[in-house]
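Asks: this one's structure only:
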């Protein structure tokens, strides 16, 4: 039997990358999947390809009014939500003017990154809880990052926001347990996963291949990961197989955080 049969799932930032891979896998495993994003064309096309188990709704995760509307739509249609994957996120490199280092950071850029990465997850959890209380077994999966567990000299806002997601996930887990809600909450921490988010850092053509090889050289498994590697982790945490797992984090990084003697590169 598919692992998510009769589950209703909402995935944010699902038009591409990790969100897309997760949506595809969840549909394959029998879930009714609500794909959300701000990229309407790609999101709608993905839902169309995935068939009757998938639908698309526009959602800017940083806007509370959007969450209110989406929550009402889901409750009207399904009466509940069983799975929420808070995946939407930005580095800020493409979306803001920056800079993003701790000494020179641009405050508006800092706020923009946190608005999407942290506020988006916070609002997702807020409205997710309200939709999930009527489920018999619900799961919130927050996509944080390896950068939420270590410092990143040139991406202070991104690292800060992802660290906050890690901690907030534990708070949500404890709150739901305290209230007696049938809701678990965990975070996933991807490392070097080859997604469109890396495009600004990798470049094009031969330079891109060289950059990918350089990143892979610093990974113990000697390769960058794929979106599906993270999607399978989300599948485990979303399914009833992890019914006794809450308030923890799962790192998907090819072994990077297992231990390293590398120092930050000199500018």
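Replies: Right, received. Where do you want to start? These numbers were taken from a predicted model, which means no experiment stands behind them.
Asks: quick one, strands of the stretch 151-267 of the chain?
Replies: Counting by DSSP state E, counting those that start in this stretch, the segments of the stretch 151-267 of the chain that form strands are 183-190, 249-252.
Asks: residue 30: which of those is closest?
Replies: Nearest to residue 30, of all the strands of the stretch 151-267 of the chain, is strand 183-190, at 19.3 Å by C-beta to C-beta. C-betas here are computed from N, CA, C, even on glycine.
Asks: so the nearest residue to residue 227 once chain neighbours are set aside, which of the three states?
Replies: Nearest residue to residue 227 in three dimensions, chain neighbours excluded: residue 21, at 3.6 Å (C-beta to C-beta, 6 or more residues apart in numbering). Here residue 21 is helix, with the state taken from DSSP: H, G, I helix; E, B strand; the rest coil.
Asks: burial count for residue 21?
Replies: As a burial measure, residue 21 scores 22 neighbours (other C-beta atoms under 10 Å).
Asks: again with residue 77
Replies: Neighbour tally, residue 77, other C-beta under 10 Å: 11.
Asks: measure residue 62 to residue 120 for me?
Replies: From residue 62 across to residue 120, the span is 5 Å (C-beta to C-beta, to the nearest Å).
Asks: what about these two, which has more around it?
Replies: Taking other C-beta under 10 Å, residue 62 and residue 120 do not tie; residue 120 has more neighbours (27 against 20).
Asks: need the helices for the protein, in chain order.
Replies: Remark: helices assigned in the chain by DSSP state H are 17-28, 40-50, 64-78, 107-114, 120-132, 156-179, 199-202, 205-217, 227-238.
Asks: most packed of the strands of the stretch 151-267 of the chain?
Replies: Highest mean neighbour count of those: strand 183-190, a mean of 26 (counted as mean count of other C-beta atoms under 10 Å).
Asks: that one: how far from the chain's middle?
Replies: Centroid separation between strand 183-190 and its chain, computed with C-alpha atoms, centre = their mean, to the nearest Å, is 9 Å.
Asks: how much space separates the residue nearest in space to the middle of the chain from residue 233?
Replies: The centroid of the chain falls nearest to residue 87 when counting by C-alpha atoms, centre = their mean (2.2 Å). Per C-beta to C-beta, residue 87 is found 12 Å from residue 233.
Asks: quick one: the residue nearest to the centre of the chain and residue 10 touch, right?
Replies: No. Assessed by C-beta atoms under 8 Å, residue 87 is found out of contact with residue 10, at 10.1 Å.
Asks: what about the protein, any weak spots by pLDDT?
Replies: 200, 260-267 (pLDDT under 70).
Asks: coming back round to it: got a list of what the residue nearest to residue 227 touches?
Replies: Taking C-beta atoms under 8 Å, 6 or more residues apart in numbering, we find residue 21 in contact with 226-228, 230-231.
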